[in-house]
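Student: Sequence first, predicted model second:
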Amino acid sequence: MNITVINHPLVKHKLTLMREADCSTGKFRTLTKELARLMTYEATRDFDVEEYEIDGWCGTITGQRIKGKTVTVVPILRAGLGMLDGVLDLIPSAKISVVGLQRDETTLQPVSYFEKLVDKMDERPALILDPMLATGGSMVATINLLKSKGCRNIKALVLVAAPEGVKLVNDVHPDVTIYTAALDSYLNEDGYIIPGLGDAGDKIFGTKHCA
Ligand SMILES: O=P(O)(O)OC[C@H]1O[C@H](OP(=O)(O)OP(=O)(O)O)[C@H](O)[C@@H]1O
Ligand SMILES: O=c1cc[nH]c(=O)[nH]1
Ligand SMILES: [Mg+2]
């Protein structure tokens with residue numbers, strides 16, 4: 001399976017706080033951002049670097065910088081927006097490509113309602129952001145879109161993944177690594193991850209406080 005579960009004590013601690021039934025909107029939002037920041041550190045570990053010369057205080061020295069075209073971060077609306085600032089804390093120059101998808105509550109299929117990608121997608125690594133990987137339909141639709149624009153280096157950052165979603169993404173796009181804070185147990189009959197977080201979009205935006 002092409003998945004990295006980030007088993008860091010801070011990640012486990014913060015994700016558990018998010019699972020508390022009475023976690024407030026403000027706290028949920030803060031924790032989402034903090035986890036995204038920690039996950040970015042791990043997900044960018046294999047980025048290529050190149051050497052270049054800089055003027056240091058004692059003369060010319062050889063430094064290193066990330067090689068190639070600037071990464072594009074791809075939040076999936078709405079919930080993925082909650083992770084965006086955490087990623088930008090570590091990669092302030094990232095270009096932002098926005099994908100709007102709403103899961104149909106009956107069919108659980110993703111319905112597209114917005115799309116605005118940056119230029120030169122074929123030259124940039126992409127980090128897709130979405131707190132929840134449930135059936136995997138929204139993630140596969142997003143990867144399909146990015147690949148249709150020529151994107152070849154794609155990673156997916158999610159807070160919680162269901163085995164069903166991981167299998168779908170791995171089957172359809174085995175080249176895409178999923179980074180997650182937790183691999184949970186299963187999907188319930190309504191397509192919610194168990195134990196999961198409930199409806200992450202509703203919790204981040206304050207539209208509802210139940211699963
Ligand atoms: O893996 P899937 O089965 O596709 O489900 C996961 C998707 O569902 C949620 O979004 P939702 O459709 O609720 O939209 P929202 O972010 O606006 O709440 C979540 O944020 C993912 O995008
Ligand atoms: O558990 C789930 C599944 C899909 N979307 C969510 O926000 N939560
Ligand atoms: Mg939602």
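Tutor: Everything's here; your move. Ligands and ions are numbered 1, 2, ... in the order given.
Student: Could I get the full set of strands for this structure?
Tutor: Assigned by DSSP state E, the strands in the chain fall at 3-5, 49-56, 59-66, 72-77, 95-96, 98-103, 110-116, 125-129, 132-133, 153-161, 177-183, 186-187, 193-194.
Student: Can I get the ones you listed in a markdown table including mean pLDDT, mean neighbour count and distance to ligand 2?
Tutor: C-beta coordinates here come from the backbone N, C-alpha and C atoms, glycine included. Output for those, formatted as a markdown table (pLDDT from 0 to 100; neighbours: other Cβ atoms under 10 Å; distance: least, Cβ to the nearest ligand atom, whole Å):
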| stretch | mean pLDDT | mean neighbour count | distance to ligand 2 |
| --- | --- | --- | --- |
| strand 3-5 | 98 | 16 | 17 |
| strand 49-56 | 98 | 10 | 36 |
| strand 59-66 | 98 | 10 | 32 |
| strand 72-77 | 98 | 24 | 11 |
| strand 95-96 | 98 | 17 | 21 |
| strand 98-103 | 97 | 19 | 6 |
| strand 110-116 | 98 | 13 | 11 |
| strand 125-129 | 98 | 25 | 13 |
| strand 132-133 | 98 | 28 | 4 |
| strand 153-161 | 98 | 25 | 7 |
| strand 177-183 | 98 | 22 | 12 |
| strand 186-187 | 98 | 16 | 7 |
| strand 193-194 | 98 | 19 | 4 |
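Student: just checking, what's the longest helix in the chain?
Tutor: As assigned by DSSP state H, the longest helix anywhere in the chain is helix 25-43.
Student: Just want the phi and psi numbers for G191.
Tutor: When read as degrees, to the nearest 10, the backbone of G191 gives phi 80, psi 20.
Student: From ligand 3, how far out is it?
Tutor: From G191 across to ligand 3, the span is 11 Å (Cβ to the ion, to the nearest Å).
Student: per-residue confidence at that residue?
Tutor: We have a pLDDT of 97 for G191.
Student: which residue packs closest to it, ignoring adjacent ones?
Tutor: Sequence neighbours aside, L108 is the residue nearest to G191 in space, at 4.5 Å (criterion: Cβ to Cβ, 6 or more residues apart in numbering).
Student: What of V166?
Tutor: I3 (5.5 Å).
Student: For that neighbour, give me its contacts.
Tutor: The contact partners of I3, by Cβ atoms under 8 Å, 6 or more residues apart in numbering, come to A161, V166, N170, T177, I178, Y179, T180, L183.
Student: And Q109, by the same measure?
Tutor: Q109 is in contact with R103, G137, counting by Cβ under 8 Å, 6+ apart.
Student: Next one: it relative to V74, how far apart?
Tutor: 20 Å (Cβ to Cβ, to the nearest Å).
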